[in-house]
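# Provide a 3D model corresponding to the input given below.
(2 chains)
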Amino acid sequence: EAQVTQNPRYLITVTGKKLTVTCSQNMNHEYMSWYRQDPGLGLRQIYYSMNVEVTDKGDVPEGYKVSRKEKRNFPLILESPSPNQTSLYFCASSLLHLNEQFFGPGTRLTVL
Amino acid sequence: QKEVEQNSGPLSVPEGAIASLNCTYSDRGSQSFFWYRQYSGKSPELIMFIYSNGDKEDGRFTAQLNKASQYVSLLIRDSQPSDSATYLCAVNGGNKLVFGAGTILRVKS
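You can find the predicted model right below:
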């Protein structure tokens, strides 16, 4: 089944404790992206990747890191999480950047 | 100024009616346009995409694009209670997809 997977689905952590949210797609898509969704603010792009080893900042990259060492994986790293990073996070992928994006199931993160 | 604007709603329509959702965007160079449906707590699900001016129909859904007016809309015919959700308009601006804040649709039976 073609899909985007994310892990973990739910995470409660404390300020400053490094964490990684994994994202994987099995559709051989070139483009991958991370979004956060907050009430009233909609979906905002954090980082995106046009291809392996090519990443770039979205609209809200502060406090996040990403890497794209393999085509299928695009992990999101929070080196020192803070409470303002409490949010619902979505990973998405598309064949190319102009094509429709398919979303993972989401990761609900709470930083205490 | 927001890059993609939608009326937040809620838009309430009776079952069987036509629901009309609207979206405007600011980047004249935008090339691809998408409508996603999102149920509470779930991930966005693609409903329609449109690249050219005019109408595109898929079942009960019709997307309309007017690049001169920088306007894209979604019509849902024969609305069902299961259509109740938040509808997100997304516009491709360069290398990224920019989303509107979404319109809440409520279909009353």
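
# so B:Trp35 belongs to a strand, correct?
Yes. Assessed with DSSP: H, G, I helix; E, B strand; the rest coil, B:Trp35 lies in a strand.

# near chain B at all, the longest strand seen in chain A?
Using DSSP state E to define each element, chain A has its longest strand at strand A:42-51. Yes. Strand A:42-51 reaches chain B (Cβ under 8 Å from any Cβ of the partner chain) through A:42-45, A:48, A:50. C-beta: built from backbone N, CA, C; applies to glycine.

# need the residues that contact that strand.
Where contact means Cβ atoms under 8 Å, 6 or more residues apart in numbering or on different chains, the residues beyond strand A:42-51 that reach it are A:30-38, A:55-61, A:64, A:66, A:68, A:71, A:74, A:76, A:89-90, A:97, B:44, B:88, B:95-102.

# lowest-scoring secondary structure element of chain B by mean pLDDT?
Each helix and strand of chain B was given a mean pLDDT (mean pLDDT, DSSP states H and E); the minimum falls on strand B:96-99 at a mean of 89.

# strands paired with it, and their directions?
Here the strand partners of strand B:96-99, with direction, are listed using DSSP bridges: strand B:85-93 (antiparallel).

# pull out the buried members of the contacts of strand A:42-51.
Among the contacts of strand A:42-51, those buried by neighbour count (16 or more other Cβ atoms under 10 Å in any protein chain shown) are A:30-37, A:55, A:58, A:60-61, A:64, A:66, A:68, A:74, A:76, A:89-90, A:97, B:44, B:88, B:96-102.

# in strands, which of those residues appear?
A:31-37, A:55, A:66, A:76, A:89-90, B:88, B:96-99.

# tell me the mean pLDDT for stretch A:7-24?
Per-residue confidence for stretch A:7-24 averages out to 97 on the pLDDT scale.

# is that stretch anywhere near chain B?
No. Using Cβ under 8 Å from any Cβ, we find that stretch A:7-24 stays clear of chain B, coming within 11.0 Å at best.

# same question, stretch A:81-92
Yes. Stretch A:81-92 lies within reach of chain B by Cβ under 8 Å from any Cβ, at A:Phe90.

# which parts of that stretch are buried?
By neighbour count with 16+ other Cβ under 10 Å, stretch A:81-92 contains the buried residues A:81, A:85-92.

# hmm, back to that, the longest strand of chain A versus strand A:31-38: what angle between them?
Taking axes from the mean of the first three to the mean of the last three Cα atoms, to 10 degrees, one finds strand A:42-51 and strand A:31-38 inclined to each other by 160 degrees.

# send me strand A:42-51 as CSV with only the CA atoms.
Taking only C-alpha atoms (Å, rounded to 0.1, in the frame of the first residue of the first chain), the coordinates of strand A:42-51 have been written out as CSV:
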residue,chain,number,x,y,z
GLY,A,42,-3.4,26.4,9.6
LEU,A,43,-0.6,24.3,8.1
ARG,A,44,2.8,25.9,8.1
GLN,A,45,5.8,24.5,6.3
ILE,A,46,8.9,23.8,8.5
TYR,A,47,11.3,22.3,6.0
TYR,A,48,11.2,20.7,2.6
SER,A,49,13.4,18.5,0.5
MET,A,50,13.5,18.5,-3.3
ASN,A,51,15.6,15.4,-3.4
